[in-house]
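Trainee: can you look at this prediction? I've put the sequence above it.
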Amino acid sequence: MKVTIDQSRWAEVMSILKKNIPEVSFKTWIVPIRPIYRDDEKRVLALACSDQFKAGLIKTRYLKEIESALSQVLKKDYKVNISYSTDEDINEMLSEVGSGKEKKLIPKSEDRSGDEYFLNPKYTFDNYIVGSNNNYAHAVSLAIAESPAEVYNPLFIYGGSGLGKTHLMHAIGNYILKHHPELKVLYVSSEMFTNELIQALNDPNNSNRRINFFKEKYRGVDVLLIDDIQFIEGKEATQEELFHTFNTLYEFQKQIVLSSDRHPSKLTSLDERLKSRFQWNIVADVQPPDFETRVAILRQMAEQENMLIDDDLLQVIDLLAEKIKFNIRDLESSLTRLKSYSQFMPGNPKITVAFAKQTLTDVFNAKDSTINCEKIKNVVCKKYNIKLTDLESSKRKREFTHPRQVAMYLCREMTDQSLPQIGKQFGGKDHTTVLHACKKIEDEIKTSAILAEEIKLIKDEISQ
Ligand code: ADP
Ligand code: MG
């Protein structure tokens with residue numbers, strides 16, 4: 001007998017797969033899979049995917065992996081099959097299974113939105129280390145998780161990459177689902193939101209079915225968490241749709257949480273109406289953690305990973321915390337790399353300071369990781385006595401162009417950022433502009449001792 005697949009069970013399968021499959025592969029291949037039904041007599045689980053190419057690839061590459069995750073969750077072996085079907089057919093199959101006399105496997109109250117599987121159960125408040133860098137964002141997030149839509153709405157979290165924004169958003173979602181399982185919680189990246197919208201708009205039958213489905217989906221939730229909103233800059237249709245989604249949710253007092261790598265006012269190609277809505281209530285930043293917080297994060301991680309915490313490891317942790325200052329993801333990955341090197345290298349070498357220096361060559365030989373474009377821009381602004389906004393602008397007066405070119409040149413010299421990445425740091429300039437600036441300053445240094453000296457002084461200041 002075919003029965004509907006319990007969404008929370010499927011969520012468990014997804015979270016096991018998420019752990020075992022690289023993130024980008026997980027997003028590309030696993031997320032689009034739609035569970036259709038399971039048949040307990042035949043021990044079969046039927047899946048579908050509305051992309052023919054993906055369905056084929058999943059079949060050859062991921063079925064075993066899905067079967068093994070499934071058997072962990074169901075404690076029995078099932079055979080998994082996957083077919084390619086259009087979205088319409090998938091919805092039809094689902095409604096057939098759902099409308100049959102077969103009863104759903106879980107009581108209604110636990111029947112969640114079905115999309116919360118994007119939430120990573122690993123990211124909770126319990127394992128979020130709070131320091132002066134993030135304590136406001138943390139406190140507001142927790143308050144929201146405790147009373148969604150009652151205290152702060154919307155919440156906008158911003159800050160650099162790898163500083164814990166996504167972790168906080170998942171923590172909010174996980175907390176709400178745990179304490180209010182009846183609420184519909186939806187977490188998406190703005191990229192997923194955009195892609196879904198595009199698919200919905202491209203309905204081959206020219207009917208409104210898909211777009212209505214999309215609208216209902218997003219306007220019908222209790223809590224909407226949209227990550228990395230900077231991605232919708234310049235995407236007008238997406239902004240328009242988000243505007244209406246925002247209004248509906250806000251009007252019905254549903255919780256909205258957004259994140260971005262920048263303050264809303266710095267999202268330059270974003271609709272003014274959205275920009276102002278994002279700032280209607282709380283805008284909270286996450287900053288790079290201080291040394292103590294970095295150490296606390298690494299220690300917690302070592303515990304979670306069941307590493308032996310002895311003096312050697314504590315010294316290594318201090319060393320990593322000293323060296324990697326601006327990105328918690330990098331901090332964590334250096335520790336996991338040490339762990340796996342020591343496990344898999346012949347003789348299982350112990351993790352010591354010497355071992356760390358010898359194996360993590362990229363970390364220890366890298367250009368000084370305390371130096372980033374932000375810091376360079378600040379020092380340059382101070383030296384030439386101009387405002388950061390002017391440095392990042394396109395103003396053509398020499399009092400601005402010269403410092404801007406110097407700053408670009410120094411970013412190229414002193415960091416590992418690529419030309420396009422540097423361009424982005426200067427109000428979204430093209431990589432050729434950056435290249436031109438670098439060449440110009442390089443040439444000028446050769447002919448002007450004054451400039452050479454000027455640059456040397458700035459460099460010294462940055463390195464201090
Ligand atoms: P962002 O979304 O800001 O780029 P993430 O939330 O993905 O950053 O965080 C990167 C990694 O660092 C994740 O593995 C996350 O669990 C970890 N992390 C970030 N902040 C903290 C924190 N305060 N305590 C513990 N782990 C953290
Ligand atoms: Mg993130």
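Mentor: Sure thing, it's come through. Residues are numbered from 1 along each chain as shown. Ligands and ions are numbered 1, 2, ... in the order given.
Trainee: which parts of the stretch 151-300 of the chain are strands?
Mentor: For the stretch 151-300 of the chain, the strands defined by DSSP state E, counting those that start in this stretch cover 155-158, 185-189, 223-227, 255-260, 282-285.
Trainee: quickly, which of the ones you listed bottoms out on average pLDDT?
Mentor: Mean pLDDT is lowest for strand 185-189 out of these, coming in at a mean of 93.
Trainee: which helices and strands does it pack with?
Mentor: If contacts are counted by 3 or more Cβ pairs under 8 Å, 6 or more residues apart in numbering; DSSP states H and E, strand 185-189 sits against helix 165-179, strand 223-227. C-beta coordinates here come from the backbone N, C-alpha and C atoms, glycine included.
Trainee: can you tell me which of the ones you listed is nearest to ligand 1?
Mentor: Nearest of the helices and strands packed on strand 185-189 to ligand 1, taken as Cβ to the nearest ligand atom: helix 165-179 at 3.2 Å.
Trainee: do any residues in the closest one lie close to ligand 1?
Mentor: Yes. Remark: helix 165-179 sits within contact range of ligand 1 at 165-167, by Cβ under 6 Å from any ligand atom.
Trainee: contacting residues for the residue in the chain that ligand 1 sits nearest to?
Mentor: Per Cβ to the nearest ligand atom, residue 164 is where the chain lies closest to ligand 1, at 2.6 Å. By Cβ atoms under 8 Å, 6 or more residues apart in numbering, the contact list for residue 164 reads 128, 134, 286, 328.
Trainee: sorry, back to before: got JSON lines for the helices and strands packed on strand 185-189, with mean neighbour count and distance to residue 73 too?
Mentor: As requested, the helices and strands packed on strand 185-189 are arranged in JSON lines below (neighbours: other Cβ atoms under 10 Å; distance: least, Cβ to Cβ, whole Å):
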{"stretch": "helix 165-179", "mean neighbour count": "22", "distance to residue 73": "17"}
{"stretch": "strand 223-227", "mean neighbour count": "25", "distance to residue 73": "24"}
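Trainee: of those, which is nearest residue 217?
Mentor: For those, the distance to residue 217 is smallest for strand 223-227, at 10.2 Å, taking Cβ to Cβ.
Trainee: direction included, what does that closest one pair against?
Mentor: Sheet pairing for strand 223-227, assigned by DSSP bridges, gives strand 185-189 (parallel), strand 255-260 (parallel).
Trainee: extract the C-alpha set from the last one and format it as PDB.
Mentor: When you say that, I think you mean strand 255-260. This file holds the C-alpha atoms of strand 255-260, laid out as PDB (Å, rounded to 0.1, in the frame of the first residue of the first chain):
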ATOM      1  CA  GLN A 255       8.000  36.600  11.700                       C
ATOM      2  CA  ILE A 256      10.500  37.600   9.100                       C
ATOM      3  CA  VAL A 257      14.300  37.300   9.500                       C
ATOM      4  CA  LEU A 258      16.800  38.300   6.800                       C
ATOM      5  CA  SER A 259      20.500  38.200   6.600                       C
ATOM      6  CA  SER A 260      23.000  39.900   4.400                       C
END
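Trainee: could you list the residues of the protein in contact with ligand 1?
Mentor: Contact residues, the chain versus ligand 1 (Cβ under 6 Å from any ligand atom): 123, 127-129, 134, 161-167, 297, 328-329, 332.
Trainee: from memory residue 161 sits against residue 261, does it?
Mentor: Yes. Using Cβ atoms under 8 Å, residue 161 is in contact with residue 261, at 6.4 Å.
Trainee: looking at the two, which has the bigger crowd around it?
Mentor: Using other Cβ atoms under 10 Å as the criterion, residue 161 and residue 261 rank with residue 261 on top: 17 against 13.
Trainee: check contacts around the more buried one.
Mentor: 158-161, 228, 230.
Trainee: quick one: which of those is nearest residue 83?
Mentor: Residue 83 lies nearest to residue 228 out of the contacts of residue 261, by Cβ to Cβ, at 32.3 Å.
Trainee: wait, residue 420 touches residue 431, no?
Mentor: Yes. Residue 420 is within contact range of residue 431, at 4.5 Å (criterion: Cβ under 8 Å).
Trainee: which stretches of the stretch 51-200 of the chain have low pLDDT?
Mentor: 98-117 (pLDDT under 70).
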